[in-house]
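# let's see this in three dimensions:
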Amino acid sequence: MPIVFSQVLLAAKRMRAELVFVALLYVASYLAGWYLISIRSPIAVQTAQGVAESVLTQMPFTTIVQSLRTGELVQAILITFLVNLTTGAFLTTTLPGIIPLIGALGTIAITLIRGFVVGIVYPEILASSIGGFALGFGTMILELGAYVFPGAAGIHVALAPLIPKRYGAQGRWAAFKTAWKNVARVYVIVVILLALGAIWEMTGILLTLRPT
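All right, here's what the predicted structure looks like:
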């Protein structure tokens, strides 16, 4: 186990520039969303309403809410974790990196949109109550923190064929394979953070749904 985590830390160190870059994108887009919702910008208000409608009417959100209403906490946690890991982290954020350079732009776009949406939606949750603040802040730190790594991973992979020497490889294909090895290792962190985020978020929502 110590060997595994040492490899994870080494892989994260190799993509530290991408990690810092993606983290800054999230902060900037979150602040932009927060500012626009604070001044009641029409685009921010409409986006927030669209997100709320999706949660109430679209899968998998409806299934998660139904699971919580019936007290099936473990099911809600598992669905949330799997959706965030597969769709949120890998398919939409890391996988675009298979396309050199253009994939990095796609990952950047997803990062900006996600941070912007969180900036629009979460201020209301944070300001609702002490419990709402704890729920929102914990979820945001764990899940948004987790998404920094898939974003960095997507950019890391997309740049590999363009600058193979940065990856300690002689050829583009070798650099591409090395990049994916680093991605696989940092996904250990993604899995841990998303699991903790799903547990925190679903448990908090379940407690708020219970009658007082």
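# and the pLDDT for residue 68?
As predicted, residue 68 sits at a pLDDT of 91.
# scratch that, residue 172 is what I was asking about
92.
# contacts only, for it.
Residues near residue 172 by CB atoms under 8 Å, 6 or more residues apart in numbering: 160-162, 164. C-beta coordinates here come from the backbone N, C-alpha and C atoms, glycine included.
# buried subset of these?
With burial judged by 16 or more other CB atoms under 10 Å, the buried subset of these is 160-161, 164.
# now the contacts of residue 172 in TSV, with secondary structure, distance to residue 106 and pLDDT?
What follows is the contacts of residue 172, written out as TSV (DSSP: H, G, I helix; E, B strand; the rest coil; distance: CB to CB, whole Å; pLDDT from 0 to 100):
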residue	secondary structure	distance to residue 106	pLDDT
160	coil	15	94
161	coil	16	93
162	coil	15	92
164	helix	21	91
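# how about low-confidence regions in the chain?
1, 210-212 (pLDDT under 70).
# look up how far residue 91 lies from the most centrally placed residue in it.
With distances taken as CA atoms, centre = their mean, the residue of the chain nearest its centroid is residue 147 (2.7 Å). Using CB to CB, to the nearest Å, residue 147 is found at 13 Å from residue 91.
# tell me where the longest helix sits in this structure.
The longest helix of the chain (DSSP state H) is helix 172-209.
# so which bits of it are buried?
175-176, 178-180, 182-183, 185-190, 193-206.
# now it, how far from the chain's geometric center?
Distance of helix 172-209 from the chain centroid (CA atoms, centre = their mean, to the nearest Å) equals 8 Å.
# assign the residue nearest to the centre of the chain to helix, strand or coil.
Secondary structure assignment for residue 147 (DSSP: H, G, I helix; E, B strand; the rest coil): helix.
# how about the contacts made by it?
Applying CB under 8 Å, 6+ apart to residue 147 gives the contacts 26, 88-89, 93, 111, 114.
# can those go into JSON lines with extra columns for secondary structure?
Below are the contacts of residue 147 laid out as JSON lines (three-state DSSP):
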{"residue": "26", "secondary structure": "helix"}
{"residue": "88", "secondary structure": "helix"}
{"residue": "89", "secondary structure": "helix"}
{"residue": "93", "secondary structure": "helix"}
{"residue": "111", "secondary structure": "helix"}
{"residue": "114", "secondary structure": "helix"}
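# possible to save the residues you listed as CSV with neighbour count?
Formatted as CSV, those follow (neighbours: other CB atoms under 10 Å):
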residue, neighbour count
26, 22
88, 20
89, 25
93, 26
111, 26
114, 22
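# quick check, nearest of those residues to residue 5?
residue 89 (19.4 Å; CB to CB).
# what sits closest to that closest one if chain neighbours are left out?
residue 150 (4.1 Å; CB to CB, 6 or more residues apart in numbering).
# just residue 81 next, same as before
residue 198 (4.1 Å).
# hang on, isn't that neighbour packed against residue 83?
No - the criterion here is CB atoms under 8 Å, and residue 198 misses it with residue 83 at 9.1 Å.
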